[in-house]
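[1] Make a model of this:
(4 chains)
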2 protein chains.
Amino acid sequence: MGGPVSTPKLKPTRTQDPEGTRQNIIEVAAQEFALNGLAGARIDEIAAKTRSSKRMIYYYFGDKEGLYVSALENAYRQVREGEAKLDVEGMAPIDALRRLVEFTFDHHHQHEEFIRMVMIENIHHAEYLERSGVIRDLNVTAIGHIEAIYAKGLADGVFRAGLDPLEVHWQISALCFFNVSNRATFSKIFGRDVGAPAAQESLRRQTVEMVLRFLVKDEKLGGI
Amino acid sequence: MGGPVSTPKLKPTRTQDPEGTRQNIIEVAAQEFALNGLAGARIDEIAAKTRSSKRMIYYYFGDKEGLYVSALENAYRQVREGEAKLDVEGMAPIDALRRLVEFTFDHHHQHEEFIRMVMIENIHHAEYLERSGVIRDLNVTAIGHIEAIYAKGLADGVFRAGLDPLEVHWQISALCFFNVSNRATFSKIFGRDVGAPAAQESLRRQTVEMVLRFLVKDEKLGGI
DNA sequence: GGCAAAATGTACGAACTGGTTAGTTTAGTC
DNA sequence: GACTAAACTAACCAGTTCGTACATTTTGCC
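    Okay, here's the model as predicted:
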C-alpha cells in the first residue's frame, strides 16, 4: 500500500505534477477536516475543491482515514516548523519566558486550523496520532525551550525550584490553546466577543503575567 | 413544536412513559454525540441503545439536530446544577478561591462527557448553542462566584486590583478544561499519561497555585 | 364503554457517500 | 518511436443513513 515513488521534478514544464497534486489535496483536506471533523468532512466535497479529482485522493492516500492522517501530519509539521523560528538564545530567563509565552499565544492564535485539527484528534482519543510515527518525532523538541529557560532561570536564582518543565509547558499550552479552541462557546455564553482585538490584547497580557508570576520567585516579582 | 405535556404519573403500572422515554433517549444520545460528534453519531445506533426506538426519536426531537440540541442543553443543565453545590460563603477570599479552583478542576475531571460536548460544539462554532435560548440563561450565574470572591479579596486587601473577573474565570476554565480536552494528544505526544492519578494530583496542585499566585498580592504570597 | 389524543412498532425509501472498475493520457527510457 | 509505469479521468456501485408512511396500542376523559 506504499504511495507513489517521489520523483524529483527535473523539468518545470510538465502537465503532470504529482507533488503539487498531493500537496493541493492535503491542503484542501486539512481545511475540510478542520471545519467539519473526520466524519463530517465529505470526500466528494474535498475532491471538488481540489485542483484534482476524487480518484486521485484514493490514488495517493488509500482511503478517508489515510487522507486524514496525512492532513494531520502536515498540520503538525507546519506548526512545528513555525515554532522553530522562536529564538530566545542569550536572553535573560524572565525575558525569554515572556517571549516564549507571547510567541505561543500568537502562534496558536494564527493557526486556528491546526488548533481545530488537534481538537478533532482529541475527540478521537488521539488514535490517528498514535497511528502516525511521524508526529511523535516532531514533538520531542517541543519542550526543549522551556527546559532550557527554566534551567537558566534556576541557575540565575530568579525562578522557583521544584517545578516540572512539562507541567509548565502544559499550563502555557492550556491558556493559549483554550483561547482559540473555546472562543466560540465562551463568547456566546458571556455575550462578549473574546476574539476581538482589544480582548485578545488583554488576554495575551494576562496570560504572560500569569505564567511569569508562577515561575518567578516571590522576591523577584517586582521586576516583571 | 412543543414537547408532550408533562403528565404526573399517578399510577405506577403503565407501559407508556413519555418522560422516561424522552430522558432515556437524551442520555443515550449525549453519550453517542460526545463520543462521535454530531456527524459521526448514528441515529440508528442511538436508537438501538435506547429503551425505545428510532421512531420515538423523531417523534420527540424532530430530527438529528433537534436531538443534538436537546442533549447539549441537558449536558449544560446537569453540569450547572452540579456547580451550584459549591459553597464558599463565609470563607476567607484566598481559601474560597482555592476551593473554587479545586472544585472546578475536579468537576471538569468528573464530567468528561460534558467537556466533549463543549469541544464538539466549538467545532461547530457554537451555532447550536446560539440556537438554544435555554443554555444562555443557565450560564449567567456561572461567573457569580468569582466576582464575589474577588470583590471580597479586594476589600480585604489580599488580591491585586485591576483584574477582570471574567478573565480570571477564563483562565481557570482554560486550565481545567484543557486538562480533560487535550489529555489524549498531550499524553501521546509526550509519552506520559497525564490522566494517571499521580499526574492529576500534581496538575491539580499546580493549577491552584498558579491561580492563587495570579490573584494574591505579592506581599501576601507567603501565606498560600 | 366510547372517543380523541398521545405514544409506539414496523417496514420502507430516497439520497448520500465512501470506494471501485475500467480506461486514457503523460512522461521518462532505450 | 515504441514501451512501460506513473498520473489522471469519468462513470458507476453498493452499503449506509436520515427520515417517513402507515398501522396499532395505550391513556386520559366523559
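
[2] use CA for all of it now, contacts and neighbours both
    Fine.

[3] Now the single longest helix found in chain A: buried residues?
    Counting by DSSP state H, the longest helix found in chain A is helix A:18-40. Neighbour-count burial for helix A:18-40, counted by 16 or more other CA atoms under 10 Å in any protein chain shown, picks out A:18, A:21-22, A:24-38.

[4] Now do it and helix B:18-40, the angle between them.
    180 degrees (axes from the mean of the first three to the mean of the last three CA atoms, to 10 degrees).

[5] Could you identify the helix or strand that succeeds helix A:18-40?
    helix A:43-49 (DSSP states H and E).

[6] wait, does the next helix or strand after that next one contact DNA strand C?
    Where DSSP H and E defines the elements, the next helix or strand beyond helix A:43-49 is helix A:54-61. Yes. Helix A:54-61 reaches DNA strand C (CA under 7 Å from any atom of the strand) through A:54-55, A:58.

[7] residues of the helix or strand bottoming out on mean pLDDT in chain A that come out buried?
    Ranked by mean pLDDT, DSSP states H and E, the weakest helix or strand in chain A is helix A:133-139, scoring a mean of 74. For helix A:133-139, burial by neighbour count (16+ other CA under 10 Å) applies to A:135-136, A:138.

[8] Ok, stretch A:69-84 next?
    So for stretch A:69-84, counting by 16+ other CA under 10 Å, buried means A:69-77, A:79-80.

[9] Make a markdown table from these and add secondary structure, distance to chain B and pLDDT to it.
    Listed next are the buried residues of stretch A:69-84 as a markdown table, based on DSSP: H, G, I helix; E, B strand; the rest coil; distance: CA to the nearest CA, whole Å; pLDDT from 0 to 100:
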| residue | secondary structure | distance to chain B | pLDDT |
| --- | --- | --- | --- |
| A:Val69 | helix | 14 | 96 |
| A:Ser70 | helix | 16 | 95 |
| A:Ala71 | helix | 16 | 96 |
| A:Leu72 | helix | 12 | 96 |
| A:Glu73 | helix | 13 | 94 |
| A:Asn74 | helix | 16 | 93 |
| A:Ala75 | helix | 14 | 94 |
| A:Tyr76 | helix | 11 | 93 |
| A:Arg77 | helix | 13 | 92 |
| A:Val79 | helix | 14 | 90 |
| A:Arg80 | helix | 13 | 89 |
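
[10] could you pick out which of the buried residues of helix A:18-40 are near chain B?
    Contacts with chain B within the buried residues of helix A:18-40, as defined by CA under 8 Å from any CA of the partner chain: A:35-37.

[11] gap between the two ends of stretch A:153-162?
    Stretch A:153-162 stretches 12 Å from its first residue to its last (CA to CA, to the nearest Å).

[12] Please compute how far it lies from its chain's middle.
    29 Å (CA atoms, centre = their mean, to the nearest Å).

[13] Please see if it touches chain B.
    No. Stretch A:153-162 is not in contact with chain B by CA under 8 Å from any CA; minimum separation 11.2 Å.

[14] Same question for stretch A:179-186.
    Yes. For stretch A:179-186, a contact with chain B is found by CA under 8 Å from any CA, at A:179, A:181-185.

[15] which ones among those are found in helices?
    Using DSSP H, the members of the residues of stretch A:179-186 next to chain B that fall within helices are A:179, A:181, A:183-185.

[16] now, which of the residues you listed sits nearest B:Leu97?
    Nearest to B:Leu97 out of those is A:Asn179 (CA to CA; 21.9 Å).

[17] got a list of what the closest residue to A:Asn24 other than its chain neighbours touches?
    The shortest distance from A:Asn24 to any non-neighbouring residue, by CA to CA, 6 or more residues apart in numbering or on different chains, is to A:Thr50 (6.6 Å). A:Thr50 sits next to A:24-25, A:28 when contact means CA atoms under 8 Å, 6 or more residues apart in numbering or on different chains.

[18] change it to 10 Å
    Contact partners of A:Thr50, counting by CA atoms under 10 Å, 6 or more residues apart in numbering or on different chains, are A:21-22, A:24-29, A:44, A:56-57.

[19] any idea how far it lies from A:Ala71?
    Counting by CA to CA, the separation of A:Thr50 from A:Ala71 is 14 Å.

[20] list the residues that contact both of the two?
    A:25-29.
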